[in-house]
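A.B. asks: here is the input, now give the coordinates:
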Amino acid sequence: MTTTTLAVLVPLLPFLGAAAGLLLGRTAPGFVRPLAVLPSLAALALAAVVAVRQGGDAAVDSATELTPTGSVPVELALHIDGFAALVAVLAAFVATCVQIYSTGYLRDDPRYPSYAALVSLFTSAMLLVVYSGDLIVLLVGWEVMGICSYFLVGHYWETPEARAASIKAFLVTKLGDVPFLIGLFALATDAGSFRITKILSTVANGGLHHPTLIALLLLAGVAGKSAQFPLHTWLPDAMAGPTPVSALIHAATMVAAGVYFVARLLPVFEASSAAMVVLAVMAAVTMTGSGLAALAQDDIKRVLAYSTIGQLGYMTGALAVGDRGAAVFHLLSHGAFKALLFLAAGVIIHASGTNSLAAMSRMGNLRARVPDAFWTMTVALLALAAIPPFSGFFSKESVLGAAEHAATGDTAHIPGVAGWIVLVAGLLAALLTAAYATRLWLLAFHGRGVEAPDHGRQPVAMNAVLWVLAVPSLALGGLAYRVLPDWFDGRDLTPTLTTSVLGTGVALVGGIVTYGAWRHTTALAARTPLGAVAAHPEGDAGLVETEAIASHTPAYGDVASAPDPADPGRLLLGPLHRHAASGFHLDAVYTDLFVRPVMAAASLVRFLDREVVDTYVRGAGTLPRLLGAAVRRAQTGNMQTYVSALLAGTVVLTVAVLLVATGA
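C.D. replies: Down below sits the predicted model:
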C-alpha cells in the first residue's frame with residue numbers, strides 16, 4: 001500500500017470501529033471490547049508505519065476536490081510532515097492504552113458500549129485533525145471532538161456535576177470556535193484556498209492582508225480547545241467524566257489539537273509581532289495561574305487538570321518564541337506522562353470503589369494497596385516536575401532554551417519581550433510544578449486520611465497499561481532529543497546549560513520546600529487533634545472548612561475520618577490559598593460579566609413576549625369574541641322577537657327618511 005492509502009486508513013479504522021460498536025453494542029455485546037481495542041491498535045500500527053515511511057523527509061501531500069464551490073475550493077487533502085506523523089502515533093498510542101484500560105475500569109458499566117464507541121470516534125476525529133491538509137476538513141474533526149467530549153464528560157449523567165461539566169465544556173469551547181471559524185474564512189479569503197500548503201506559501205510571499213486580525217481570531221479557538229487563559233475554566237470541571245476519558249482528553253486529543261494547530265500554521269502567527277506577544281502573555285498567565293491553582297486543589301484529578309493547563313502553557317510559550325519543534329516535543333512527552341498520571345489516579349479511585357477518595361486529604365495507606373500505581377505515578381510525577389533524566393526534563397528544557405534564545409535576540413522575527421515573558425514565567429511555573437507534584441505524591445501515598453475498604457487487586461489490563469506508559473515517561477526524552485530533529489525541521493533540541501541548571505534548580509527548590517512544609521504541618525497535626533486551628537495557616541477559616549467537609553460528606557461524616565489537615569499547600573500559599581482553590585474566582589467573574597446579563601436579557605424578552613406581544617395577540621382575539629357574543633345574544637330563535645325587531649327597524653328607517661326629506 002502507498003503511504004497515502006495507509007494514512008487514510010489511520011482515522012478511518014477507529015471511525016468504522018465506532019460505527020460497528022454503536023450498531024452491535026446491544027445485539028452482540030461480546031464484540032464490544034474487540035471493536036473498541038482492535039481498530040485503535042490497528043490505527044496505531046499503521047500510524048507507526050506512516051511515520052517510518054515519512055521519516056522526517058519531505059511532506060506527503062495528496063488532495064481530491066470534494067465538490068465544486070464556485071469560490072474557495074474544499075478538498076479532501078492530506079499533509080503529513082514529521083510533526084503530523086509523530087502526533088498521530090501519540091494519539092493512536094494513548095487511545096489504544098485508554099481503550100485497553102477501560103475494559104477493566106468500566107467492566108461493570110452498563111453504558112460501556114456507547115462509551116467505547118465514542119472514544120473510538122474521538123480518536124478518529126483527532127487523527128483527522130492531525131493528517132488533514134485542508135482547514136475545512138480539519139474543522140470537521142475539530143468539531144466532532146467537541147461533541148464527543150460533551151457526551152464523554154457527561155457519561156455519568158445521573159450526577160448534576162457531570163451534566164453541568166459537559167454543558168460547560170461544550171459552551172466554553174464553542175465560545176472560542178465562533179471567532180475561530182471567522183478567522184479560518186478570513187485566512188482562506190486572503191490566501192484563496194483552505195489548503196495548508198497554499199496558505200503557508202501565501203504567508204511566505206507576504207500575501208496576508210490582515211495577519212494580526214486573523215491570528216487573534218484563530219487564537220480564540222485555540223484558547224478554548226487547548227484550555228488556555230481565559231477560556232480554560234471548562235477543563236477542571238471536566239473531571240466529572242470517567243478517568244480514562246480525562247486521560248484521553250488531556251494527553252492526546254482535544255486539548256492537544258489547539259497547540260498542534262498553531263504549530264502547523266505557525267508562520268501565520270509569526271506574520272504578526274502583536275499576535276506573538278499576545279500568545280506569550282497568554283502562555284505566561286496560563287502557566288503561573290494554573291500552577292498556583294493546582295497547589296490549592298484537594299481533588300487529585302483537578303490537580304492534574306490544572307497541571308495539564310500549565311503544561312499546555314509551556315507548549316504555547318514555545319510557539320510564542322517561534323519554536324514549534326520544542327512545542328511538539330513537549331506535547332509528545334507530556335502525552336505519555338500525563339496519560340500515566342490520570343490512569344494511575346484512576347487505579348487509586350478504582351481501588352477505593354468510589355470517587356470519594358479523589359480527595360487527597362482523605363487518602364491513607366495507598367502505597368501498599370496500589371503498588372503499581374505508586375511506582376508508575378512516581379515516575380510520571382518526576383517527569384512532570386522535569387527532573388533529569390525523565391522525559392519531561394528534556395522537553396521542558398527545550399522550551400526554556402527556545403525562550404532564552406528569543407530573549408537574547410537570537411531568534412529572527414520574534415519580539416525579544418515575548419522571549420523574556422516566556423522564560424520568566426516558565427521558570428516560575430517550573431517551581432510551582434515541582435511543588436504541586438511533590439504535594440500530590442506526599443498526600444496521595446503518605447497521607448493520614450481514612451483508609452478505604454480494600455476492593456482487591458486491580459484488573460491486569462489497568463496495571464499493565466500503567467507500566468507500558470511508564471516506559472516513554474522515563475526514556476522518551478533522552479532518546480527523542482537526539483532523533484526528533486530529523487522530524488522537526490532539523491531544530492536542535494539539546495538542552496542548554498543555563499536553562500537546564502536554572503530549571504532543575506528551581507524544580508528542586510520547589511520540591512524541597514514543599515516537603516519541608518509537609519513535615520511541618522504533619523508535626524502540627526500529630527500534636528493537635530484533627531480540625532484544630534493550629535494546623536491551619538488560615539486559622540478559623542481552615543477549621544470551618546475542615547468541619548464543613550467532615551459534616552457534609554456522607555462517607556466521612558465522623559471527626560475521626562475527617563480530612564487530614566497536614567496540607568503543605570495551605571502553608572505555602574497562605575491567604576492566597578482560598579482564591580487559588582476557586583481558580584481565582586474566574587467563574588464568578590464570567591457569571592457577572594456574561595451569565596447574569598444574558599439571564600437578565602432573557603427575562604426581559606420573556607416579559608415582553610408574555611406581557612406585550614401576548615397582550616396584543618389576546619386583544620386581537622378578544623374583540624371578535626365580544627362581537628360574536630353580542631350577535632349571539634340577538635339570535636334567540638323566537639320568531640315573534642325577530643318580527644318585532646323587523647317592524648321596529650322599519651319604523652326607524654321610515655322616520656329617518658321622512659326627517660331627511662323634510663330637511664331637504
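A.B. asks: could you tell me the end-to-end distance of stretch 585-604?
C.D. replies: Using Cα to Cα, to the nearest Å, the end-to-end distance of stretch 585-604 comes out at 27 Å.
A.B. asks: again, but for stretch 569-583
C.D. replies: First-to-last distance for stretch 569-583 - Cα to Cα - comes to 14 Å.
A.B. asks: and that stretch, which residues are buried?
C.D. replies: Gly569, Arg570, Leu571, Leu572, Leu573, His577, Arg578, Ala580, Ala581, Gly583 (16 or more other Cβ atoms under 10 Å). C-beta: built from backbone N, CA, C; applies to glycine.
A.B. asks: tell me which stretches of the chain form strands.
C.D. replies: Assigned by DSSP state E, the chain shows strands spanning 60-67, 74-80.
A.B. asks: any idea which of these is most buried?
C.D. replies: Comparing the strands of the chain by mean neighbour count (mean count of other Cβ atoms under 10 Å), strand 74-80 ranks first with a mean of 21.
A.B. asks: how distant is that one from the center of its chain?
C.D. replies: 26 Å (Cα atoms, centre = their mean, to the nearest Å).
A.B. asks: who are the packing partners of that strand?
C.D. replies: helix 3-24, strand 60-67, helix 112-131, helix 135-153, helix 196-204 (3 or more Cβ pairs under 8 Å, 6 or more residues apart in numbering; DSSP states H and E).
A.B. asks: switch the cut-off to 10 Å
C.D. replies: Here strand 74-80 touches helix 3-24, helix 32-54, strand 60-67, helix 112-131, helix 135-153, helix 196-204, going by 3 or more Cβ pairs under 10 Å, 6 or more residues apart in numbering; DSSP states H and E.
A.B. asks: mind listing residues that contact that strand?
C.D. replies: For strand 74-80, contacts defined as Cβ atoms under 10 Å, 6 or more residues apart in numbering pick out 3-4, 6-8, 10, 50-51, 53-54, 59-68, 84, 88, 130-138, 188, 193-198, 200, 264.
A.B. asks: buried among those residues? Need that as a selection in PyMOL.
C.D. replies: Filtering the contacts of strand 74-80 down to the buried ones (16+ other Cβ under 10 Å) takes a single PyMOL command:
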select buried, resi 3+6+7+8+10+50+51+54+59+60+62+63+84+88+130+131+132+133+134+135+136+137+138+188+193+194+195+196+198+200+264
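A.B. asks: any chance you could map the helices in the stretch 251-400 of the chain?
C.D. replies: For the stretch 251-400 of the chain, the helices defined by DSSP state H, counting those that start in this stretch occupy 255-264, 266-270, 273-296, 300-320, 324-352, 366-369, 371-384, 391-407.
A.B. asks: looking at these, which has the lowest confidence?
C.D. replies: Per-stretch mean pLDDT for those is lowest at helix 366-369 (a mean of 81).
A.B. asks: in it, which residues are buried?
C.D. replies: In helix 366-369, counting by 16+ other Cβ under 10 Å, buried: Leu366, Arg369.
A.B. asks: report all helices and strands that that helix contacts.
C.D. replies: Using 3+ Cβ pairs under 10 Å, 6+ apart: helix 366-369 touches helix 324-352, helix 371-384, helix 416-446.
A.B. asks: got these as CSV, with mean neighbour count and distance to Leu658 columns?
C.D. replies: Listed next are the helices and strands packed on helix 366-369 as CSV, based on neighbours: other Cβ atoms under 10 Å; distance: least, Cβ to Cβ, whole Å:
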stretch, mean neighbour count, distance to Leu658
helix 324-352, 28, 102
helix 371-384, 23, 109
helix 416-446, 24, 102
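A.B. asks: and of those, who's closest to Ala526?
C.D. replies: Nearest to Ala526 among the helices and strands packed on helix 366-369 is helix 416-446; the distance by Cβ to Cβ comes to 13.2 Å.
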